[in-house]
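# Please find the sequence and the predicted model below.
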Amino acid sequence: MKALPQAGDALPPLEIAVTRTLIVAGAVASRDYQDVHHDAEAAREKGSPDVFMNILTTNGLVGRYVTDHFGPRSVLRALTIRLGAPNHPGDTMTLTGTVVEVAEGPDGTATARVRIAGANGLGHHVTGTATVEVPR
């Protein structure tokens, strides 16, 4: 029987290579056709050194990080994120997380609140919290 998460538990870091393909594919998959997510020249004209990742791709990567850690039967109930430094091609984003609160349910599940941070070479790309239901 798998142990339920405890407050203070750290999730292992996950390094994600930020490639041009990941940025463009994430934008297209989420139907975000803003030129700054696929056209380097347009991004430079708007003051960015290159294309950058959209919030929906970041949201998906953070959700994946949490559910990969807690397993395929876990259910992501809420995710709140705030973007900071942009993710540009050629960088690496490292996601980290810490369980900050756990509520055990009468049915043997637990609901954990996890503080998430994702940093790249420019600083914090994403910070936020996830609420995940974890079965025993």
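All right, it came through fine. Everything numeric here is computed off the predicted structure, so don't read it as measured data.
# can you give me the helices in this structure?
20-29, 40-45, 55-70 (DSSP state H).
# Need the residue closest to the centroid of the chain.
Val62 (1.8 Å; C-alpha atoms, centre = their mean).
# which residues does the closest residue to it other than its chain neighbours bridge with?
Distances taken as C-beta to C-beta, 6 or more residues apart in numbering place Ile116 nearest to Val62, at 5.6 Å, with adjacent residues excluded. No exception for glycine: its C-beta is placed from N, CA and C like everyone else's. Bridge pairing for Ile116 (DSSP bridges) gives the partners Gly97, Gly128.
# Repeat that for Val102.
When bridges are called by DSSP bridges, Val102 pairs up with Ala112.
# Can you give me the pLDDT of it?
Looking at Val102, its pLDDT is 96.
# Would you mind listing where the protein has pLDDT under the threshold?
For the chain, applying pLDDT under 70 flags the ranges 1-2.
# Go again with 90.
Along the chain, segments meeting pLDDT under 90 span 1-4, 105-108, 136.
# Look through it and report the residue furthest from the middle.
Pro106 (29.5 Å).
# ok, it to Val114 distance?
22 Å (C-beta to C-beta, to the nearest Å).
# and Asn120, what does it touch?
Asn120 is in contact with Val18, Ala85, Asn87, His88, Asp91, Thr92, Met93, Thr94, counting by C-beta atoms under 8 Å, 6 or more residues apart in numbering.
# which residues does Val102 contact?
Applying C-beta under 8 Å, 6+ apart, one finds that Val102 lies in contact with Leu4, Pro5, Gln6, Ala7, Ala110, Thr111, Ala112, Arg113.
# my guess is the second one meets Arg136, correct?
Think Pro5. No. Look at Pro5 against Arg136 with C-beta atoms under 8 Å: they stay out of range, at 10.8 Å.
# list residues touching both of the two?
The overlap between the contact sets of Pro5 and Arg136 (C-beta under 8 Å, 6+ apart) consists of Ala110.
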